[in-house]
Structure formats: C-alpha cells, structure tokens
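> Sequence plus the predicted model coming up.
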Amino acid sequence: MTAKNPSACRNFIGIDIGSTATKVVVLDDHEIRETMVLPTGWSSVEVAEEVRERLEALDYLIPDSYVVATGYGRVAVDFADRTITEITCHGRGGYELMGSDGTMIDIGGQDTKTITVENGLPKSFLMNDKCSAGTGKFLEIMANRLGVTLPELFDLAARGQVLPISAMCTVFAESEVISHIGNGEKREDIAAGVVDSVIRRVAGLALRHGLEGQKVFLTGGLSSSPYIVESLSRVLEMPVHTHPTLGRYAGALGAALLGRQKILKRRG
C-alpha cells in the first residue's frame, strides 16, 4: 500500500509484531487516536490480517493512511508502506515517552534489550542471548508452573522472601522451582525468587551496556507492573521510569512517529 497524496494523509499507523504480542498505534497529525494489543499467536501472517481487519472496521486503514511495520514479524504486514527495524522504532518511541535522551530497557517475550537514545535516535544497543531466562516468557512459564497469572505472580512475589533461583537456563530453572514446590517451600517465596532472577539478569544486561549518568526508562509488557519497576530500581540502585499505559507500545509508537515524520518531510 502506498499513500498517494502526502498532503492528504491523516492516519499514521505503527504495527509492532513481537514474539508474544502485537501492538498497534494510530496517530493523526497531533496525537494518538487509537492503541490496540493482540496476542501474536503462532502465525505473524494471521495476526497481521487480524490487525488489517480491525483497522478497516475502525475506518483507519484508508487509502491515505501511512503504515509502518516493525518487530520480528514485520515482513508479514503486506499492507505496510514501509518496514523499519525494531531497534530504530523502539528508540524513537522510547524517546517520545521519556521526553529526553536516556537508556531504554525493553523486556520482551523472547528477548530483552537495552537501547541508549541520543538526540532522539538509537546510539547503541545490547540484547540478551537466545536463552529466555531474562524475559517475559520465563515469567509466564513459571507463573503457569505455580498455577497463577502474571499479575498474581507479582502479588505473591511482593509478599514473599526471595528464594534464590540459580540456574541460568529456563529448563533447569523450572526444575529448581519444581524442587522447591516438592520441598514445601512457600509459594510467595518461590514467586519472589522467580521475579528476582529475571530482574537480576535484566539489570546485568543493562549494566553491561552502561547506564552511568543516564535516565533509565522501562518499556515492554512488564512496564505496567509497579512491582517490576520497583524491583528493577532497587537492583540497579537508581530510579527506573516508565509510562504505565503506553510503555508496551514503544515500538509501535516509534513506527507511527517515523511514518509521520517521513510524510511531513514530503509535505515540505
């Protein structure tokens, strides 16, 4: 899809297809008009089609809309005018939410990344390895093992004492949790240990990247949890900021903003 007339564009749509969730942001010339989040499921192609249908139903996907796709499934968005890497889009969206330069920490479903933003653009970044032990997926797996939802896991953790989870691999860490359950350990303490293990891995990645003198901002699906924000602030020994409602949309917001920027340049 190609916007035929830049001067007529009134919708700028960012679509971020991540491994766990797909986020969408719709902008006009001045503000956010719509946000939505959908489970990505097994197929990026299918979720992209569902996004298309939802946008059409809301009358946002019109000929003079401009669509930018990002995330690992961005190539599945066959109605996008442009695709942009997730680092660039997360950096731009994070800058908008932070209101200043700084370092973003994005805890995703399958990876965690830190991005230093300077003058509104990514300057450097660092991602974790392919192990999911420092990601949202690890927390989902452990919450399922404990028979709770993620919010319930965080509530339990807030009431518990950290029971160390030492394994670096998700499979072995799950075995540790099973052993703790079998030994009759308190569920609150196991939950606290699970969350602490993720927070320490995320903090280690951020510190390797470098945070000295930087404003730190948390994005991703876990940014809406005050417990996660507080825990990360404690381990890093510095305040971690976030936007509790828009933090998870950083990539989609950045995509939409970059699309709008491109159209505004064409308008002259």
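Yes, it's here.
> Next one: residue 161 relative to residue 193, how far apart?
9 Å (C-beta to C-beta, to the nearest Å). (C-beta placed from N, C-alpha, C; glycine too.)
> any chance you could map the strands in the stretch 1-150 of the chain?
11-17, 21-27, 32-39, 65-70, 82-83, 102-107, 112-118, 121-127 (DSSP state E, counting those that start in this stretch).
> Now stretch 229-244: buried residues?
Of the residues in stretch 229-244, 229, 231, 232, 233, 235, 236, 240, 241, 242, 243 count as buried by neighbour count, 16 or more other C-beta atoms under 10 Å.
> excluding its backbone neighbours, what's nearest the fourth one?
When you say that, I think you mean residue 233. residue 240 (4.4 Å; C-beta to C-beta, 6 or more residues apart in numbering).
> pretty sure that neighbour is touching residue 234, no?
No: with contact defined as C-beta atoms under 8 Å, residue 240 and residue 234 do not form a contacting pair (9.2 Å).
> Could you work out the most separated pair of the buried residues of stretch 229-244?
Spatial extent of these (C-beta to C-beta) is set by the pair 235 and 243 at 20.7 Å.
> rewinding a little: pick the most buried one from the strands of the stretch 1-150 of the chain.
Highest mean neighbour count among the strands of the stretch 1-150 of the chain (mean count of other C-beta atoms under 10 Å): strand 11-17, with a mean of 29.
> Grab the CA positions of that one and hand them over as PDB.
Extracted in PDB, the C-alpha atoms of strand 11-17 (Å, rounded to 0.1, in the frame of the first residue of the first chain):
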ATOM      1  CA  ASN A  11      -3.600   8.400   9.800                       C
ATOM      2  CA  PHE A  12      -0.100   7.200  10.700                       C
ATOM      3  CA  ILE A  13      -0.200   3.600  11.800                       C
ATOM      4  CA  GLY A  14       2.600   1.700  13.600                       C
ATOM      5  CA  ILE A  15       2.400  -2.100  13.900                       C
ATOM      6  CA  ASP A  16       4.900  -3.900  16.100                       C
ATOM      7  CA  ILE A  17       4.600  -7.700  15.700                       C
END
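> hang on, residue 214 in a strand?
No: read with DSSP: H, G, I helix; E, B strand; the rest coil, residue 214 is coil and lies in no strand.
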